[in-house]
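>>> quick check, what structure comes out for this input:
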Amino acid sequence: MSSLLIVAGESSGDKHGARLVREFLERHPNETFFGVGGPRLAEAGAEILVPMKELAVMGIFEVAARLFRLRGIFHRLRRAAAERRPRAAVLIDSPDFNLRLAKKLKALGIPVLYYISPTVWAWRKGRLKTIRKYVDRMLLIFPFEKEIYRRAAIPAVYVGHPLMESVRSGLTRTEFFVKHGLDPRRKLITLLPGSRTGEVRRHLPVIVKTIPLLREAFGAQFVLVAADGLDRNGFSRLLAGAPAEDLRLLSQDGYEAMAASDLVLSACGTANLEAALLGIPFVAFYRISPLTYTLGRKLVKISHYSIVNILAGRPVVAELIQRRLTPENLVREARAILDSPKRQAELQAEFRKLHDLLGNEPASVRAAQELGALLAAVPSAKRADEPRLT
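Residues are numbered from 1 along each chain as shown. Next up, the predicted model:
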């Protein structure tokens, strides 16, 4: 039985990786996976050497603060790859870590399939040179990325967006309200502070101050969804000042919570696209350390932060970034949506366009097929005499 290395450093990568693994193992039941991931990859059958929360850091100074631990994880994976000799590696997003790892894997003769391109269209376009050197095949999830990789002469395949397969609610609004003891007569606002611990620590204090203002303005009740792998006890400490009677903390039913909501308040990231695909109006926000933001502004080549606005090429949803993320601004943007059926309809129309843009490619099936094709092109016997790490 041969093995494959897989590395997913955050919640969305864990979900997408799990679907890929399941599709691949249906076709290749004698293969096994090991590496970095979370509960979804573990459920799919991957052996988790390192929990994904160990890699879930973002920002120049945030990474620097945990550099020693990240270096230890990096060397552990490199040693595991050298000892186990996986037939290939599947690296999912997390480019700061994964592109560096790809270089070491290439030196070991291990083919690299990279799932979800780094945002070279937004910043650090120079990464294309690194990708050309160390990645055997890039799997793209946005249609416009195809031209970027064609011009860079990098083998790449558009497989569709994996969220198109998975974003759906398994409960009706009524069923969700009953399950979680919510009042059907009151508006519901879902809170998504982020999938990384650092994001939650930066965003949640502002959200806690916003909750009583929204409750007073709209009589709203709230659901806060904790991403996979995050510590619920940490959430409880940060929520100490929030009114418990009007707030439910969930670690499951995330899509159901969004689909049942009148409004979502969401950190920029995958959750923005999830809300849009569910057709639910949302306000996007994000805050990083001031130094990281100041340095990053000189490098970023895009004018929007939410993926919904990036794909649309214009400001469709409101973005509250850095100092603009305040309780007062969140309430103002919430009011602009909740008090206006016209604005709600406009947003839902834009979200339907986004759905059409992404299409209906079965991303996980295509990704599994591409992994199989990569393995067929590089037989396992090829690396018998290649150098091992000492």
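>>> all contacts plus neighbour counts: C-alpha atoms, from now on.
OK.
>>> where do the helices sit along the stretch 51-200 of the chain?
For the stretch 51-200 of the chain, the helices defined by DSSP state H, counting those that start in this stretch cover 60-65, 67-84, 95-107, 127-134, 145-151, 163-166, 173-179, 197-218.
>>> save those as CSV, and put in distance to residue 327, mean pLDDT and mean neighbour count too.
Converted to CSV, the helices of the stretch 51-200 of the chain look like this (distance: least, C-alpha to C-alpha, whole Å; pLDDT from 0 to 100; neighbours: other C-alpha atoms under 10 Å):
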stretch, distance to residue 327, mean pLDDT, mean neighbour count
helix 60-65, 25, 51, 14
helix 67-84, 33, 91, 16
helix 95-107, 32, 95, 19
helix 127-134, 37, 96, 17
helix 145-151, 36, 95, 14
helix 163-166, 30, 94, 18
helix 173-179, 26, 98, 14
helix 197-218, 5, 94, 18
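>>> now render these as a markdown table, adding distance to residue 306.
Below are these laid out as a markdown table (distance: least, C-alpha to C-alpha, whole Å):
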| stretch | distance to residue 306 |
| --- | --- |
| helix 60-65 | 20 |
| helix 67-84 | 27 |
| helix 95-107 | 19 |
| helix 127-134 | 22 |
| helix 145-151 | 17 |
| helix 163-166 | 16 |
| helix 173-179 | 26 |
| helix 197-218 | 15 |
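>>> and of these, who's closest to residue 5?
helix 67-84 (7.3 Å; C-alpha to C-alpha).
>>> just after whichever helix or strand residue 342 is part of, pick out the following helix or strand.
Using DSSP states H and E, residue 342 maps to helix 341-358. For helix 341-358, the succeeding helix or strand toward the C-terminus, using DSSP H and E, is helix 363-377.
>>> output the lowest mean pLDDT helix or strand found in this protein.
Scoring the helices and strands of the chain by mean pLDDT, DSSP states H and E places helix 60-65 at the bottom, with a mean of 51.
>>> distance check, residue 195 against residue 31.
30 Å (C-alpha to C-alpha, to the nearest Å).
>>> do residue 55 as well
25 Å.
>>> so between those two, which is more surrounded?
residue 55 (24 against 16; other C-alpha atoms under 10 Å).
>>> now do the contacts for the more buried one.
Applying C-alpha atoms under 8 Å, 6 or more residues apart in numbering, we find residue 55 in contact with 9, 10, 70.
>>> next, count neighbours for the closest residue to the first one other than its chain neighbours.
Nearest residue to residue 9 in three dimensions, chain neighbours excluded: residue 52, at 4.6 Å (C-alpha to C-alpha, 6 or more residues apart in numbering). By the other C-alpha under 10 Å criterion, the neighbourhood of residue 52 contains 23 residues.
>>> distance check, the closest residue to residue 270 other than its chain neighbours against residue 73.
Take residue 270 and drop its neighbours on the chain: the residue closest to it by C-alpha to C-alpha, 6+ apart is residue 12, 6.9 Å away. Distance of residue 12 to residue 73, given as C-alpha to C-alpha: 20 Å.
>>> cool, residue 140 as well?
26 Å.
>>> state the helix or strand in which the residue nearest to residue 270 lies.
Using DSSP H and E, residue 12 falls in helix 11-27.
>>> show me how far that helix is from its chain's centre.
14 Å (C-alpha atoms, centre = their mean, to the nearest Å).
>>> after that helix, next one along is what?
strand 32-37.
>>> list the buried residues in the helix holding residue 342.
344, 347, 348, 350, 351, 354, 355, 358 (16 or more other C-alpha atoms under 10 Å).
>>> and stretch 306-315, by the same measure?
Using 16+ other C-alpha under 10 Å as the test for burial, stretch 306-315 gives 306, 307, 308, 309, 311.
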